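Visitor: would you be able to build a 3D model of this:
(2 chains)
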Number of protein chains: 2
Amino acid sequence: MNSLLQDSSKHLPILQATFGLERESLRINQQGKIAQTSHPTCLGSRSFHPYIQTDYSEAQLELITPIGQSTKDALRFLGAITDVAGRSIDKDEYLWPLSMPPQVSEDEIHIAQLEDDWERHYRKHLAKVYGKKLQSMSGIHYNMELGKDLVAALFQQSGYDSLITFKNDLYLKLAQNFLRYRWLLTYLYGASPIAEQRFLSHKLSQPVRSIRNSQFGYVNHKNIQVSYQSLEKYITDIEHYVTSGQLIAEKEFYSAVRLRGSKHIHDYIAQGVTYLELRCFDLNPFDHRGITQETLDTVHLFVLALLWLDSSSAIDQDIAKATELNNVIALSHPLEKLPQEAPISEILSAMQGVIEHFDLPSYYQELLNHVKEQIKNPELTIGGRLLEKIDNLSLETFGQKQGQAFHEYALKAPYALKGYESMELSTQMLMFDAIQKGLHLEILDENDQFIKLWHSDHIEYVKNANMTAKDSYITPLIMENKVVTKKLLAQAGFPVPAGQEFSDKDSALRYFSQIKNKAIVVKPKSTNFGLGISIFKEPAELTAYQKALDIAFSEDDTVLVENFIAGTEYRFFVLDGKCEAIVLRVAANVVGDGKHTIAQLVELKNQSPLRGRGHRSPLEIIDLGAVERLMLEQQGYTPDDIPANGVKVDLRRNSNISTGGDSIDVTDIMPSDYKELAAQMASAVGAWVCGVDLIIPDKTLPASKETPNCACIELNFNPAIYLHTYCHEGPGQALTPKILAKLFPEL
Amino acid sequence: MNSLLQDSSKHLPILQATFGLERESLRINQQGKIAQTSHPTCLGSRSFHPYIQTDYSEAQLELITPIGQSTKDALRFLGAITDVAGRSIDKDEYLWPLSMPPQVSEDEIHIAQLEDDWERHYRKHLAKVYGKKLQSMSGIHYNMELGKDLVAALFQQSGYDSLITFKNDLYLKLAQNFLRYRWLLTYLYGASPIAEQRFLSHKLSQPVRSIRNSQFGYVNHKNIQVSYQSLEKYITDIEHYVTSGQLIAEKEFYSAVRLRGSKHIHDYIAQGVTYLELRCFDLNPFDHRGITQETLDTVHLFVLALLWLDSSSAIDQDIAKATELNNVIALSHPLEKLPQEAPISEILSAMQGVIEHFDLPSYYQELLNHVKEQIKNPELTIGGRLLEKIDNLSLETFGQKQGQAFHEYALKAPYALKGYESMELSTQMLMFDAIQKGLHLEILDENDQFIKLWHSDHIEYVKNANMTAKDSYITPLIMENKVVTKKLLAQAGFPVPAGQEFSDKDSALRYFSQIKNKAIVVKPKSTNFGLGISIFKEPAELTAYQKALDIAFSEDDTVLVENFIAGTEYRFFVLDGKCEAIVLRVAANVVGDGKHTIAQLVELKNQSPLRGRGHRSPLEIIDLGAVERLMLEQQGYTPDDIPANGVKVDLRRNSNISTGGDSIDVTDIMPSDYKELAAQMASAVGAWVCGVDLIIPDKTLPASKETPNCACIELNFNPAIYLHTYCHEGPGQALTPKILAKLFPEL
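Guide: This next block holds a predicted model:
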């Protein structure tokens, strides 16, 4: 197993690995104490939630990422779960950013109210053996599996016969060397310098690097000694302690590293170890996720260096020595350098060796350089930086400040899912809800808004947050084709604007005699964004009609000439036969207050957190550009005019949200007969999800299929969801939870 | 009602109308006799077939179009039904092109074996009253309804209070005037000049215009006299004859025109007449559909002229007189001009009046001019032209020749549906099958291959012949995205080429180290037509790899680099969990015969009726262009070389059908384990219709999920159907009937 990397090809996919993170964190209330509330019900059931669980106590959240294909993936998902957790707990609560809890008494710690009897029993046992307070320390577990191609290549090179044996030896070597060099991680990332009053029985004389990683941390009793000499010995030792009752279960064996793979360690021999669980990380209170990208990648490099290094021949002695060294470092002052006896050059040169042998990107050299700097300058380590936050022998003030700041960050831009802002808003919202409810989530194609959701055996694929298996394929094809949609709506007896379809200009011109006294709309058959559409609210002159035809034919081979219907256009969002939301879109505008100029009013309006640029926020920034200035001019305004209080000044003619328009949620004030009519129209084309655009001249008039008092101008197979949820005006309608509830009625 | 058109606006949509056609035709056997076979079973059930029925006798087909929005629509559909009927009857049979049957005896005529008891009873009654022979005359009924906008505008102008009363008066006037001037149609379109031996008891001394439209035709007994004075009188008269038993049913009242609208004429008063049925048309034996576009449009103009003309004040007398005139003309020699007493200028100037008042397109003036020519020159009428076909007092020889020629035309290009050749082949095939089986068919959007099929209350929409409600919306979205497809197939345990996805060239270049010893494929993520794909069957040099990346990135933002899998690519067509067809596509080629040059072999191969241009035939013409010549050169050939017998000469490297490739149906020789595997792959993404592209290195090896011995390189959500049905080699698999059977299991 030695020299395996040294002898390997530099083309080995050395960085190939998968990662999973688990982060514990306490819920804290406004008094800075551990929250006494129950686990939030909006987070679904802990009996299956894959991402948000409770650890030891009811207030101790455990945030668990799925397996990520890179550290970036894993950290991003952790960020998202953190975001969801932060927005799911009581408004007055927040997540404690430190590994060490605030001041706490035993009776403030309530064992997590899990359904599983054994899990509760296990926690009661731990309380008895270690005390409940110790259980309120939090940390991060870093799970890592070497890539399949990488392992396969190393196996081939190794001369082993059995892949399982090879992997077992490989991971055992990693675990051994991890224990030999973990002190470096304690030095770099130790972040539990002090305990609050009455936490420790033994009082520390000074701040240290990591109480949690020291003998005062969460460790087994001294008499639990497990050998890492061989996998067999490791298994036998642990099984012995469980059989003898010194450990209640295999998982009560606490080590900074665990071999993982099967439910019972006994199965490792036959089925193989498949990954490592590194358990030594204190929460980094300078990052809202508790750990940084840099730490993750440095640790990745560190693990590869562990493989680069030779194994020890006297492993248990070496581990015992290294454990002692780790304890010293953990309990040293944060500004103290590494002790002389720490074999720092061994591990650093191994890291350098990996970088050079595999010609890793310069990023990894930078990481290593930063490690070296921190070794030279302890004040650069997390522990060093945290030192200055200690106030009056306490980190409570800092913890509160930092925790609340992270909480505010989570509540900012509530329409977005942190880390996934490049995806469509509606998909971000659906993903947020899925994580919250405890649905398994995999992004199949990020650019394509394609996700996979599952619960137990039930899988659903979703694209653009609304395209699912619930709609049949033909339905969006019907809606995509305006002519077909109109035909089917008309055949089903619903009101659509009368009109005609033309595939050549001559026939369209001949039709002029029939529309010369009518208000009409001339539009290309298939384009969707208002391109090439001309509206004549008054009957058109022949020349204007000709020009409109030219414009429309420049967009499509087929052009529709339809009667124009005067009225207000509303978007009805229909889901599974029911209208769930209605929005009115209004052209960009400001309303005067008698004090500010139009330009100032625009600026004020743009300060809304709902407004941003490029469709990544529910509303767009209003630009005071040429179009808007012309519009003002036509109304006799300049941007410096001060409109009187309550006077609305339009800045655009078009009501598109993309040009700064307002969305107004009118779901609650729209008469139900229009909602029913819209739902019936969607059903007429068999749509499960549908955006029904109705023109309503007067919504106080009753609507029915027989006397519609409205007309449908379009059915949309990919209706925007966020539009209805985060509105300029009105309460807003949460639609993604309803979609999920329909997709997974069992939840 | 008089002057209604004269007083109307010239902008009236005067040509707006709908049309339906019914054509009767006898099935004839090789002996030139009425076929004694049963109605073809492939034509489905006559208990509901909307388009192909039997009229009086088992051998007398009745072809019925749905309502067309124009004469063109209606005639096109009649052509399609004719095509379907021609290809559905026994190969040895054909449709008789003439109104008068060949020589026939009573016992050759078998009453149609309909399920409906009353219909059989009715036919027995007719046999008794009129004789069975008379029932074997065939003709065309021309149904016409004036357009809704047109009628609405005329109604508004009319001063009537009730639209129903107005329409009743309107259609009554049309019927009255039709009977007053129908003799013109008899003159122009009469095409039953002689009866074969023993048909008539009364022997005619010379050929005439139209036996069928004369007193020897299919007319009621003299004592049946129905008044057209008023609608009430008309109804009362008919009802009287039915009550008294002189007619067995309302429909036994034979008139050259019928008022239509309700099942019982009594309901006309309350519900209104809605259209006219013109029943006087003899089959035009010069057109395979029995009537021409010109005839249809001339009659349309004629009907409008009937509205232009004033009503008669003494209608029943006038009709009696006109009926007499019509009889004279029907029984006049085909080369005889119209008699002096025919008021030809009245009707001609009415037609001219309509043309001028409404400024109709010049086409209508041309039609009228042609009518005038035929009036001047009787030899130009159909009857006149038919005269010279009479041989030895018989039209049997002509009828046989013409009928067989039309039959051959129907059998030509069997993959196409006559009149709909601009649509996709697969859709034409599906439409053919739908018409054959008796499914109602409506083309919702011809350019978009969008059709509606229904049977009773059950509607199915189909696009591109394979997109239906049977597939869920998410399924094609999965297949459209190569990355997602691969992920899902891999997750489900199916073999896909290993590979990686890149969104920038740098990462893709870094990946070179992992593929530098492998055969690879570099391809853009989403394009579908082979664009931007580079295949390296030998490991690529870095520069070539770079170039391939550039090419792929020029097509898409995301590029896939996949292991190349050597083997043969097959297309498996999977429908509803079962592989129904497999095709192998082979690059354009010729096989030597030791006699012809390559150029000649190409020409010979191109003579196949399956080859055409522009995807409107199952195979494409092979061009001997630059690419093909270069390919020949590389093999050491020139187009003038004569390859030895059996030697295959490739003309292309790519196996696309679009560049002249061959399709080989290997359904029957592909081992079933591959079929099952392909079907399972389709099911893994939930596909109902799916084209599974498998690379199979050796199809004699067994295939299973565990040991696939193949790999899936693509799933296609819109697989071509015709490809499997009309093949260069192999039996070909009919897939559209299977699709229809799945869509309409009740049929």
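Visitor: in a helix, A:F48, correct?
Guide: No. Read with DSSP: H, G, I helix; E, B strand; the rest coil, A:F48 is coil and lies in no helix.
Visitor: what are the buried residues along the worst-scoring helix or strand of chain A on mean pLDDT?
Guide: In chain A, no helix or strand scores lower on mean pLDDT, DSSP states H and E than helix A:512-515, which sits at a mean of 84. For helix A:512-515, burial by neighbour count (16 or more other C-beta atoms under 10 Å in any protein chain shown) applies to A:F512, A:Q514, A:I515. Yep, even glycine has a C-beta here, placed from its N, CA and C like the rest.
Visitor: how near is the last one to A:Q500?
Guide: Note on A:I515: its distance to A:Q500, by C-beta to C-beta, to the nearest Å, is 9 Å.
Visitor: residues near A:N645, how many?
Guide: The number of residues packed around A:N645, counting by other C-beta atoms under 10 Å in any protein chain shown, is 10.
Visitor: give the helix, strand or coil label for it.
Guide: Going by three-state DSSP: A:N645 is coil.
Visitor: for it, which non-adjacent residue is closest in space?
Guide: Nearest residue to A:N645 in three dimensions, chain neighbours excluded: A:G594, at 4.0 Å (C-beta to C-beta, 6 or more residues apart in numbering or on different chains).
Visitor: check chain A for its longest helix and report it.
Guide: If each helix of chain A is counted by residues according to DSSP state H, the longest one is helix A:163-189.
Visitor: roughly how far out does that one sit from the chain middle?
Guide: 31 Å (C-alpha atoms, centre = their mean, to the nearest Å).
Visitor: please apply the same query to stretch A:317-337.
Guide: 37 Å.
Visitor: sorry, back to before: please name every helix or strand in contact with the following helix or strand past the least confident helix or strand of chain A.
Guide: Toward the C-terminus, helix A:512-515 is succeeded by strand A:520-524 as the next helix or strand (DSSP states H and E). Secondary-structure packing of strand A:520-524 (3 or more C-beta pairs under 8 Å, 6 or more residues apart in numbering or on different chains; DSSP states H and E): strand A:534-536, helix A:542-553, strand A:559-563.
Visitor: who does the shortest one pair up with?
Guide: Which is strand A:534-536. Here strand A:534-536 has these sheet partners by DSSP bridges: strand A:520-524 (antiparallel).
Visitor: same question for the strand it pairs with, mean pLDDT?
Guide: Predicted confidence along strand A:520-524 averages 91 (mean pLDDT).
Visitor: give me every residue in the stretch 351-500 of chain A lying close to chain B.
Guide: A:444-445, A:447-448, A:450, A:461-463, A:467-478, A:481, A:483-484, A:487-488 (C-beta under 8 Å from any C-beta of the partner chain).
Visitor: okay, now A:S158: neighbour count?
Guide: A:S158 has 18 nearby residues by other C-beta under 10 Å.
Visitor: skipping its backbone neighbours, what lies nearest it in space?
Guide: Closest to A:S158 by C-beta to C-beta, 6+ apart is A:F166, at 5.6 Å.
Visitor: report the separation between A:E729 and A:D662.
Guide: 7 Å.
Visitor: neighbour-wise, which of those two wins?
Guide: Set A:E729 next to A:D662 and count neighbours by other C-beta under 10 Å: A:D662 wins out with 20 against 13.
Visitor: near chain B, which of the buried residues of helix A:512-515 show up?
Guide: Applying C-beta under 8 Å from any C-beta to the buried residues of helix A:512-515, those adjacent to chain B are A:Q514.
Visitor: pick the one among the buried residues of helix A:512-515 closest to chain B.
Guide: A:Q514 (5.7 Å; C-beta to the nearest C-beta).
Visitor: which residue is the nearest non-sequential neighbour of the closest one?
Guide: B:P13 (5.7 Å).
Visitor: one more: A:I347?
Guide: Of all residues not flanking A:I347 in the chain, A:Y181 sits nearest, at 4.8 Å (C-beta to C-beta, 6+ apart).
Visitor: what's the spacing between the one you found and chain B?
Guide: To chain B, A:Y181 is 29 Å away according to C-beta to the nearest C-beta, to the nearest Å.
Visitor: and for that residue, the neighbour number?
Guide: 23.
Visitor: would A:K452 count as being in a helix?
Guide: No. According to three-state DSSP, A:K452 belongs to no helix; its state is strand.
Visitor: just to revisit the earlier point, ok, and what's touching the least confident helix or strand of chain A?
Guide: Here helix A:512-515 makes contact (C-beta atoms under 8 Å, 6 or more residues apart in numbering or on different chains) with A:P539, A:A540, A:L542, A:Y545, A:V561, A:N563, B:K10, B:H11, B:P13, B:D149.
Visitor: for the residue nearest to the second one when sequence neighbours are not counted, give the beta-bridge partners.
Guide: Spelled out, that is A:A540. Among residues not flanking A:A540 along the chain, A:I520 sits closest, at 6.4 Å (C-beta to C-beta, 6+ apart). Counting by DSSP bridges, A:I520 forms beta bridges with A:F536, A:N563.
Visitor: quick one: contacts for A:I520?
Guide: Here A:I520 is in contact with A:I535, A:F536, A:P539, A:A540, A:Y545, A:V561, A:E562, A:N563, A:F564 (C-beta under 8 Å, 6+ apart).
Visitor: and A:V242, that one's in a helix?
Guide: Yes. Secondary structure of A:V242 (three-state DSSP): part of a helix.
Visitor: shouldn't it be in contact with A:H264?
Guide: No. Taking contacts as C-beta atoms under 8 Å, A:V242 lies outside contact range of A:H264: 10.0 Å.
Visitor: in the stretch 451-600 of chain A, where is pLDDT below threshold?
Guide: Across the stretch 451-600 of chain A, the ranges flagged by pLDDT under 70 are A:527-530.
Visitor: out of the helices and strands packed on strand A:520-524, nearest to A:S345?
Guide: A:S345 lies closest to helix A:542-553 among the helices and strands packed on strand A:520-524, at 74.4 Å (C-beta to C-beta).
Visitor: the closest one and chain B in contact?
Guide: No. Using C-beta under 8 Å from any C-beta, helix A:542-553 stays clear of chain B, coming no nearer than 12.4 Å.
Visitor: just flag the most distant two among the contacts of helix A:512-515.
Guide: A:N563 and B:K10, at 21.5 Å, using C-beta to C-beta across the contacts of helix A:512-515.
Visitor: neighbour-wise, which of those two wins?
Guide: For A:N563 and B:K10, the more surrounded residue by other C-beta under 10 Å is A:N563, and the numbers stand at 14 against 11.
Visitor: contacts only, for the more buried one.
Guide: Residues in contact with A:N563 (C-beta under 8 Å, 6+ apart) are A:P497, A:A498, A:G499, A:I515, A:K518, A:A519, A:I520, A:V521.
Visitor: can you flag the buried ones in these?
Guide: Neighbour counting by 16+ other C-beta under 10 Å classes A:P497, A:A498, A:G499, A:I515, A:A519, A:I520, A:V521 among the contacts of A:N563 as buried.
Visitor: how about the secondary structure of the residue in the stretch 301-450 of chain A that chain B sits nearest to?
Guide: Chain B sits closest to A:L444 of the stretch 301-450 of chain A, with a gap of 4.6 Å, by C-beta to the nearest C-beta. Classification of A:L444 by three-state DSSP places it in strand.
Visitor: what's around it, how many residues?
Guide: 21.
Visitor: what does chain A have sitting close to chain B?
Guide: A:10-11, A:13, A:149, A:444-445, A:447-448, A:450, A:461-463, A:467-478, A:481, A:483-484, A:487-488, A:503, A:513-514, A:516, A:557-558, A:686.
Visitor: got a quick PyMOL command for the buried subset of these?
Guide: The PyMOL selection below is limited to those of those classed as buried (16+ other C-beta under 10 Å):
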select buried, chain A and resi 13+444+445+448+450+461+462+463+467+468+469+470+471+472+473+474+475+476+477+478+481+483+484+487+488+514+558+686
